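Asks: fold the following, please.
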Amino acid sequence: MKKTNPLIKISAFAAVIGAAIAFGNYLYKVSSKPHEHGGSNDFDPLITEGRNFIRNHPDKKDIYIESFDELKLHASYIPASEQTHNYCVLVHGIWDNHESNGIYARHYLEKGINCLLPDNRGFGESEGEYIGYGLDDSLDILEWIHRIIDKDPDARIILHGMSMGAATVLMCSGAKLPENIKGIVADSAYTTLREQFAASYRIVAGAYVPIPIALAISRIIIRLRSGFDIYDVSPIDAVKKSVTPILFIHGDNDTFIDPHMCSRLYEAAGCPKQYCMILGAGHIAGVVVDPDNYWAKVDSFCDKYL
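Replies: Just a heads-up that it's a prediction; the model follows:
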């Protein structure tokens with residue numbers, strides 16, 4: 001029997017390792033390096049209108065904090081027209097910045113609620129080289145919460161997040177929150193980052209590597225370069241520990257995050273909870289597809305708990 005040349009084995013092994021590294025770097029670039037569309041690709045004119053509302057608001061203030069890992073984080077703060085102890089912290093999704101939440105801020109301000117709109121790490125004016133996917137971001141939101149309470153110990157706070165921002169506020173729900181946090185609104189959250197990565201990878205062009213291998217490579221490269229384990233990003237585990245009331249919202253026509261994830265999150269939550277499925281709405285589109293239903297549910301929730 002002819003023996004295989006050791007050089008051939010070494011070359012083959014090196015080729016496999018090289019391909020794995022190249023593939024890992026590709027996955028990291030498309031999944032974890034922050035970039036924004038900057039409003040050039042808003043899915044609805046009302047989102048752009050809200051973005052301009054934030055940009056041009058005469059009472060907007062820029063504020064900054066330092067994260068646990070010494071990043072300078074930015075948020076825009078807009079006070080209500082009359083003094084109040086009610087606040088909403090609006091947390092944006094991936095590939096965007098705080099201005100995308102202008103449509104929500106406008107409504108809350110009309111309801112007489114102060115609005116804080118943070119830029120997630122790596123987006124807008126906040127420092128950061130990677131996307132936190134709700135894990136490190138939830139720690140950042142806790143810092144913003146304490147910033148509000150330091151300024152107003154009587155603050156009553158609602159957290160309202162969209163997409164990755166929804167996952168972020170749900171990750172917060174599993175922590176020991178101050179009593180100032182009265183409720184959480186999660187619009188289009190995923191159950192776990194592991195599941196969402198797998199679902200997103202299925203639709204990537206040229207996804208020829210089997211999902212388990214792609215997940216394993218992603219897990220390793222993100223752990224090495226971003227410093228966290230994607231398996232630790234589990235909103236569904238966080239809500240099991242929550243005592244804070246949560247309103248779960250999703251569109252039944254969402255093709256980016258499976259609407260069934262919302263049902264599973266709702267079922268898993270161990271806190272007072274409400275559920276709203278917006279018919280005909282795509283990803284985070286409930287607020288423009290059916291604003292009457294959307295805001296009726298949110299306002300009722302806020303009136304009960306805020």
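Asks: partner residues bridging Y77?
Replies: Note on Y77: beta-bridge partners by DSSP bridges are K61, L116.
Asks: neighbours of it, just the number please.
Replies: 19 (other CB atoms under 10 Å). Backbone N, C-alpha and C define where each C-beta goes, glycine included.
Asks: what's the answer for H92, then?
Replies: H92 has 26 neighbours, counted by other CB under 10 Å.
Asks: for it, give me its contacts.
Replies: Listed by CB atoms under 8 Å, 6 or more residues apart in numbering, the contact partners of H92 are H98, S100, N101, L117, D119, N120, F123, G161, M162, M164, G165.
Asks: which stretches of the stretch 1-150 of the chain form strands?
Replies: Here the stretch 1-150 of the chain has its strands, by DSSP state E, counting those that start in this stretch, at 61-66, 72-78, 86-91, 114-118.
Asks: try the stretch 201-306 of the chain
Replies: Using DSSP E, counting those that start in this stretch, strands in the stretch 201-306 of the chain cover 246-251, 273-278.
Asks: quick check: which of those strands has the most neighbours on average?
Replies: Most buried of the strands of the stretch 201-306 of the chain by mean neighbour count (mean count of other CB atoms under 10 Å) is strand 246-251; its value is a mean of 26.
Asks: neighbouring strands for that one, and are they parallel or not?
Replies: Strand 246-251 has the following strand partners under DSSP bridges: strand 181-187 (parallel), strand 273-278 (parallel).
Asks: run the chain-centre distance for it.
Replies: From the chain centre to the centre of strand 246-251 is a distance of 14 Å (CA atoms, centre = their mean, to the nearest Å).
Asks: number of nearby residues for K241?
Replies: 13.
Asks: contact partners for it?
Replies: Contact partners of K241, counting by CB under 8 Å, 6+ apart, are S173, G174, G270.
Asks: would you point out the most distant pair within the contacts of H92?
Replies: L117 and M164 (14.8 Å; CB to CB).
Asks: any chance of the strands paired with strand 246-251 in CSV, with distance to V298 and mean pLDDT too?
Replies: Shown next, in CSV, are the strands paired with strand 246-251 (distance: least, CB to CB, whole Å; pLDDT from 0 to 100):
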stretch, distance to V298, mean pLDDT
strand 181-187, 6, 98
strand 273-278, 8, 98
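Asks: ok, which of these comes nearest N52?
Replies: Closest among the strands paired with strand 246-251, using CB to CB: strand 181-187, at 21.2 Å.
Asks: how big is the angle separating the closest one from strand 86-91?
Replies: If you take axes from the mean of the first three to the mean of the last three CA atoms, to 10 degrees, strand 181-187 sits at 40 degrees to strand 86-91.
Asks: before we move on, the earlier item: for the strands paired with strand 246-251, give me TSV that also has distance to E110.
Replies: TSV is the format used below for those (distance: least, CB to CB, whole Å):
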stretch	distance to E110
strand 181-187	16
strand 273-278	20
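Asks: and the helices in the stretch 151-300 of the chain?
Replies: According to DSSP state H, counting those that start in this stretch, the stretch 151-300 of the chain carries its helices in the segments 164-173, 193-202, 211-226, 235-240, 259-268, 286-289, 291-305.
Asks: which of the strands paired with strand 246-251 sits closest to V169?
Replies: Short answer: strand 181-187, nearest of the strands paired with strand 246-251 by CB to CB, at 5.1 Å.
Asks: any regions of the stretch 201-306 of the chain where pLDDT drops low?
Replies: Applying pLDDT under 70 to the stretch 201-306 of the chain flags residues 204-207.
Asks: please read the previous query as pertaining to the stretch 1-150 of the chain.
Replies: Those would be 1-21, 38-39, if you go by pLDDT under 70 across the stretch 1-150 of the chain.
Asks: kindly recompute the last result at 50.
Replies: The model of the stretch 1-150 of the chain has pLDDT under 50 over residues 1-2, 16.
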